[in-house]
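In: here is the input, now give the coordinates:
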Amino acid sequence: MSAGLVIELETGPIDRARADLAIVCFASTDRPLRGAAGRADWRLCGRLSKLIAAGRVAGHAGEAVLLPGGGGLRAPLLLALGLGPGAPLGPAAAAAFARDAVGRGLALRAAALALALPPGELGDLALRLRLEAVVTGAGEALAARREGRVATLVLVAAREDGSRVLELLRGARPSGFPASVALRLPAAPVRRAAALPASPRGNSGIRPTPFK
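Out: Numbering: from 1, shown residues only. All right, here's what the predicted structure looks like:
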């Protein structure tokens, strides 16, 4: 394909995802931070929690903060997006989140984005609808930018959910699925090791940056 979005699947912690930019979400009611955001915050020695404590971000919908990976993440940059009040995301909200996340990643000129799957309701049907919404929202973000390049979106799922997510993605048929999006799925979930070796912090000149 000459331009478009290639979507892959990886299981394991977000800090092990191979990408130019790792993307997580957190709710304004998540105290302490949970899921992928909590994991990334732990790997970064609480940098996101410190911004929250200082009142610079709160997790409101539309908020975003860009942090250097600093050696705690495999990706050199982390983008944390606010979701608003904590609640499982329905398909419409999941699509909006993916559209915003991928749009911001493309604006940062990242060629490979690692996106932790947003939380949602339990059950296969809810998960399938959320996956289709994320894929559709990501494709819409690419189409809106009209750029002649290929980007890779790595969906990062929890290790215990990997096989089910892979099965559901293989059968996904989102309505209005953009022709510019290709699903490149492995025969089995790609797994990463659970931990990174400890590394020094503060080796990046990038400051924590809340931005619109």
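In: scan this protein for its longest helix.
Out: For the chain, the helix that runs over the most residues, judged by DSSP state H, is helix 124-145.
In: report the distance from it to the chain centre.
Out: In terms of CA atoms, centre = their mean, to the nearest Å, the centre of helix 124-145 is found 12 Å from the chain centre.
In: which strands and helices sit next to it?
Out: For helix 124-145, the elements it packs on are strand 4-11, helix 91-107, strand 150-157, helix 162-170, strand 181-183, judged by 3 or more CB pairs under 8 Å, 6 or more residues apart in numbering; DSSP states H and E. Placement of C-beta: from N, CA and C, glycine included.
In: could you check the angle that helix makes with strand 4-11?
Out: In this structure, helix 124-145 runs at an angle of 150 degrees to strand 4-11, with axes from the mean of the first three to the mean of the last three CA atoms, to 10 degrees as the basis.
In: mean confidence for helix 124-145?
Out: Averaged over helix 124-145, pLDDT sits at 83.
In: any chance of the helices and strands packed on helix 124-145 in a markdown table, with mean pLDDT too?
Out: Putting the helices and strands packed on helix 124-145 into a markdown table (pLDDT from 0 to 100) gives the following:
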| stretch | mean pLDDT |
| --- | --- |
| strand 4-11 | 83 |
| helix 91-107 | 91 |
| strand 150-157 | 86 |
| helix 162-170 | 80 |
| strand 181-183 | 71 |
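In: shouldn't V150 be in contact with G4?
Out: Yes. Using CB atoms under 8 Å, V150 is in contact with G4, at 5.8 Å.
In: who has more neighbours, these two?
Out: G4 (19 against 15; other CB atoms under 10 Å).
In: which residues does the nearest residue to L21 once chain neighbours are set aside contact?
Out: When the adjacent residues along the chain are set aside, L21 lies closest to A110, with 4.0 Å between them (CB to CB, 6 or more residues apart in numbering). Contacts for A110 were tallied using CB atoms under 8 Å, 6 or more residues apart in numbering; they are A19, D20, L21, L77, A151.
In: what number of residues lie near the second one?
Out: Residues contacting D20 under the criterion other CB under 10 Å number 17.
In: and the fourth one, by the same measure?
Out: The local packing count at L77 equals 20, with neighbours defined by other CB under 10 Å.
In: just give the nearest non-adjacent residue to it, would you?
Out: Distances taken as CB to CB, 6+ apart place L21 nearest to L77, at 4.9 Å, with adjacent residues excluded.
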